[in-house]
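Novice: I would like the atomic coordinates for the input below:
(one chain, ligands or ions: 2)
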Amino acid sequence: MPPPTPRLSAEQWLARVFADAAPRHVGTGWISGILGIVLGLLALLAVLCLNFPQYLTLPELRSRYPLDLVRLAIDVGLLAGMALSGLSLLLRRKKALGVAGLALAGAALALGAGGAEIPRVGEARIYLALDWFVLGVITTAALFVPLERAFPLRRGQGVFRRGWLTDTQYFFASHVLAQVMSVAVLAPAVALGAVLALPQAQAAVEGLPWLVQWAMCVLVADLAQYGVHRAFHAVPLLWRFHKVHHSVEAMDWLAGSRLHLVDVIVTRGLVLLALLVAGFAESVVYAYLALVSFHAVFIHANFAPRWGWLERWVAMPRFHHWHHAREAEARDVNFAVHLPMIDRWFGTCHMPEGRWPEGYGLADERAPEGWARQLVWPLRRRA
Ligand SMILES: [Zn+2]
Ligand SMILES: [Zn+2]
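Specialist: Residues are numbered from 1 along each chain as shown. Ligands and ions are numbered 1, 2, ... in the order given. Predicted structure coming up:
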């Protein structure tokens, strides 16, 4: 009997279909092929949003879009994607990249491209925030991919490092499941916040200048986050969920997305609760949320520059990379997201002068690949 063939992971399968031994530098059709696929896919997803707005877009955003501009952007992206895929077909011997890019663009064209008619329909009870994902990819990738290419900490680590597909799934899920998040995080925090509100604290906070409120908001949020994060490391039941985040073996802008749903709901819910109890103005909380959505990505980035004295006061990639370090010296350190001084106050700060960690990940085990498998991983008996 022939030996059973090992099952390929989705990542290995994609690598087998699209990658080849040919060089990947400028002029080989690799970069144009990848960009063609990304643009074709984003255009297709955006066109799907135009066709099925009630099921695929956030009600809060829907009425605010400058539609003419959106339609123009879809068509420009689509044309650029087709041109790049065509270029890749010309330059590269293996045609899979170019063909896939053209197929995605073709599907977007078949659905009407930027001119797709928006149906007049009512609200759906359940929806996916696909538009939020498309916006998230465009803004985050446009900022961090060039930054990581220009100043990489680990030069040999490409965009398609081990685990990239799993982390892309996390990025996708954390955006399209916005409705689940608002039901599971926002609703309980707002309800509990109303019960636990401290009127005296709120009155005192209200009178403060906006910028002072914002600085206090960052401190309060990071203190709450510190406590919750430490509990996730200390309590074995919670660690089962949080170790999913620590299973990343390559750090970059995508790696920070790898957070178990339980981890996200509990952490975000309790941090938001702390902010609501303290009574910060709504605009202050929104400004904080904008900061955290950038900063939490940034501290995971494959980004080498050092920041001198600023590293003591603002969490930079080196600070959080040590939180993910595989080395025994770095166990349970650097829990803060924004302010390293919180870790100094509690004696958990670890910033060895001039060094970065050797490697990242769990010391004694490896997580299964894929969002769905990792969702049930903590529930398995031997997790
Ligand atoms: Zn942690
Ligand atoms: Zn992290």
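Novice: This protein - how does it break down into domains?
Specialist: The chain breaks down by automatic domain parsing into domains covering 1-126, 178-379.
Novice: what's the offset of the first one from the middle of its chain?
Specialist: Okay, so that is domain 1-126. 19 Å (C-alpha atoms, centre = their mean, to the nearest Å).
Novice: likewise stretch 348-368?
Specialist: Its chain's C-alpha centre lies 20 Å from the corresponding centre of stretch 348-368 when counted by C-alpha atoms, centre = their mean.
Novice: First-to-last residue distance for it?
Specialist: Start and end residues of stretch 348-368 are separated by 30 Å (C-alpha to C-alpha, to the nearest Å).
Novice: For it, buried residues please.
Specialist: For stretch 348-368, the neighbour count (16 or more other C-beta atoms under 10 Å) marks 348-351, 357, 360-361, 367 as buried. From N, CA and C alone the C-beta is placed, and that goes for glycine too.
Novice: Give me the contacts around that stretch.
Specialist: 153, 230, 243-244, 246-251, 311, 318-319, 321-322, 324-330, 332-335, 340, 343, 374, 377 (C-beta atoms under 8 Å, 6 or more residues apart in numbering).
Novice: Of the residues you listed, which qualify as buried by neighbour count?
Specialist: Buried subset of the contacts of stretch 348-368 (neighbour count, 16+ other C-beta under 10 Å): 153, 230, 243-244, 246-251, 318-319, 321-322, 324-325, 330, 333-335, 340, 343, 374, 377.
Novice: still on that earlier bit, a markdown table for the buried residues of stretch 348-368, including distance to Pro146, pLDDT and secondary structure?
Specialist: Shown next, in a markdown table, are the buried residues of stretch 348-368 (distance: C-beta to C-beta, whole Å; pLDDT from 0 to 100; DSSP: H, G, I helix; E, B strand; the rest coil):
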| residue | distance to Pro146 | pLDDT | secondary structure |
| --- | --- | --- | --- |
| Thr348 | 34 | 96 | coil |
| Cys349 | 31 | 96 | coil |
| His350 | 30 | 95 | coil |
| Met351 | 27 | 93 | coil |
| Pro357 | 24 | 95 | coil |
| Tyr360 | 23 | 95 | strand |
| Gly361 | 26 | 94 | coil |
| Ala367 | 29 | 92 | coil |
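Novice: coming back round to it: of the domains of the chain, which shows the lowest average pLDDT?
Specialist: Among these, domain 1-126 has the lowest mean pLDDT, at a mean of 90.
Novice: show me what contacts Gly98?
Specialist: Contacts of Gly98 by C-beta under 8 Å, 6+ apart are 29, 33, 36, 85-89, 92.
Novice: Format the domains of the chain as a markdown table; extra columns: distance to Val137.
Specialist: Formatted as a markdown table, the domains of the chain follow (distance: least, C-beta to C-beta, whole Å):
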| stretch | distance to Val137 |
| --- | --- |
| domain 1-126 | 7 |
| domain 178-379 | 10 |
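Novice: Quick one: closest of the ones you listed to Phe144.
Specialist: Nearest of those to Phe144, taken as C-beta to C-beta: domain 178-379 at 3.7 Å.
Novice: buried ones in the helix or strand harbouring Leu273?
Specialist: Assigned by DSSP states H and E, Leu273 falls within helix 261-278. Of the residues in helix 261-278, 261-278 count as buried by neighbour count, 16+ other C-beta under 10 Å.
Novice: Repeat that for stretch 193-211.
Specialist: Residues 193, 202, 205 are the ones in stretch 193-211 that count as buried (16+ other C-beta under 10 Å).
Novice: Tell me the spacing between the last one and Val277.
Specialist: Val205 sits at a distance of 10 Å from Val277 (criterion: C-beta to C-beta, to the nearest Å).
Novice: With the second one instead?
Specialist: Distance from Gln202 to Val277, counting by C-beta to C-beta: 9 Å.
Novice: sorry, back to before: dump the contacts of Gly98 into TSV; add neighbour count and secondary structure as well.
Specialist: Output for the contacts of Gly98, formatted as TSV (neighbours: other C-beta atoms under 10 Å; DSSP: H, G, I helix; E, B strand; the rest coil):
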residue	neighbour count	secondary structure
Gly29	25	coil
Gly33	27	helix
Gly36	29	helix
Ser85	27	helix
Gly86	16	helix
Leu87	18	helix
Ser88	28	helix
Leu89	18	helix
Arg92	20	coil
